[in-house]
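Student: I need the structure of the sequence given here:
(chains A and B)
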Amino acid sequence: QLVQSGAEVKKSGESLRISCKGSGYIFTDYWIAWVRLMPGKGLEWMGVIYPGDSDTRYSPSLQGQVTISADRSTSTAYLQWRSLTASDSGLYYCARPRQQGSSFDAFDIWGQGTLVAVSS
Amino acid sequence: DIQMTQSPSSLSAYVGDRVSITCRASQTINIYVNWYQHRPGKAPNLLIYTGSILQSGVPSRFSGSGSGTDFTLTISSLQPEDFATYYCQQSYNSPHTFGQGTKLEIK
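Tutor: Below you'll find the model as predicted:
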C-alpha cells in the first residue's frame, strides 16, 4: 500500500515536501507517480520516479516547478516545492503501476491523497 | 503532449441504464488506454487497462474497447455505487495524460 503524509496549509512563497511511503512490496522495483487534482479540474499526471535508480521524468508543464525524489532506505517518495503559489492548491496522489519496472502501465495502487492549501 | 478528450463531460442516467463514455486521443496510441473511477473523498480506482482488460475485482458490467485514437468505456447496467467521475488515461507516451473527466450523475 501507499500511505501519504497529512494535509498541509501554507502561505505563498513557503516551501513544502509531501511524502508517500510504500509497504508490502519491494519499493525499488516499481515506479511511483504523482498525480494531482486541482479544484474544478481533472486528474493531471505530474511525473514519475524509479526508486531503484532515481530515474525521474516530469510533465513538461511542471518541469522546474516541483521536484520528485525517493529515499530507498525508508521506502518513501517525495514531492517538493521550493516556493508555493496559490495555484499549487489541490489534492495530490501518489500511485504505483501494476507491473514492476514499467512506467508505461496503469496505476492499480494509490495513496489516500494529500490536500495542499496555499493562501496568498 | 498527447491530448485526451472525453465526452460527454457530464451524464445523467438511471440505475439499470447502459451508458458509454468515449475518449479520443490527439494521436494514435495503439491500445494503451486505462480507465479509472473516482468517487469524492476516495483514491481513483483502476477499472480497465490496456484498452479492454478488466482489472481484478472490478465488476463485469464494466468493459472497455477501442484502439488507435478512439476508445469507449461502457457500463452495462448502472448500479448506485457507479455514480462517480470517470477518467481515461493514455500510457503510450510520457506524460501519461488524463482526459478531463466525465461526471456520471443519478437522474
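Student: so where do the strands sit in chain B?
Tutor: Taking DSSP state E as the test, the strands found in chain B are B:4-7, B:10-13, B:19-25, B:33-38, B:45-49, B:53-54, B:62-67, B:70-75, B:85-90, B:102-106.
Student: so what's residue A:119 bridging to?
Tutor: Going by DSSP bridges, residue A:119 is paired in beta bridges with residue A:11.
Student: And the pLDDT for it?
Tutor: Note for residue A:119: predicted pLDDT of 95.
Student: list the contacts for it?
Tutor: By C-beta atoms under 8 Å, 6 or more residues apart in numbering or on different chains, the residues touching residue A:119 are A:9, A:10, A:11, A:12, A:86. For the C-beta atoms, the positions are set from N, CA and C on the backbone; glycine is no exception.
Student: Could you measure from residue B:59 over to residue B:45?
Tutor: As defined by C-beta to C-beta, to the nearest Å, residue B:59 lies at a distance of 11 Å from residue B:45.
Student: of those two, who's got more company?
Tutor: residue B:45 (17 against 13; other C-beta atoms under 10 Å in any protein chain shown).
Student: residue contacts, the residue lying closest to that one once chain neighbours are set aside?
Tutor: Leaving aside its chain neighbours, residue B:45 sits nearest to residue B:37 (4.8 Å; criterion: C-beta to C-beta, 6 or more residues apart in numbering or on different chains). Listed by C-beta under 8 Å, 6+ apart, the contact set of residue B:37 reads B:44, B:45, B:47, B:82, B:84, B:85, B:86.
Student: And for the third one, the neighbour number?
Tutor: What that stands for is residue B:47. Applying other C-beta under 10 Å, we find 21 residues neighbouring residue B:47.
Student: looking at it, it is touching residue B:63, isn't it?
Tutor: No: counting by C-beta atoms under 8 Å, residue B:47 sits too far from residue B:63 to count as a contact (9.3 Å).
Student: which residues do these two both contact?
Tutor: Counting by C-beta under 8 Å, 6+ apart, the contacts common to residue B:47 and residue B:63 are B:54, B:73.
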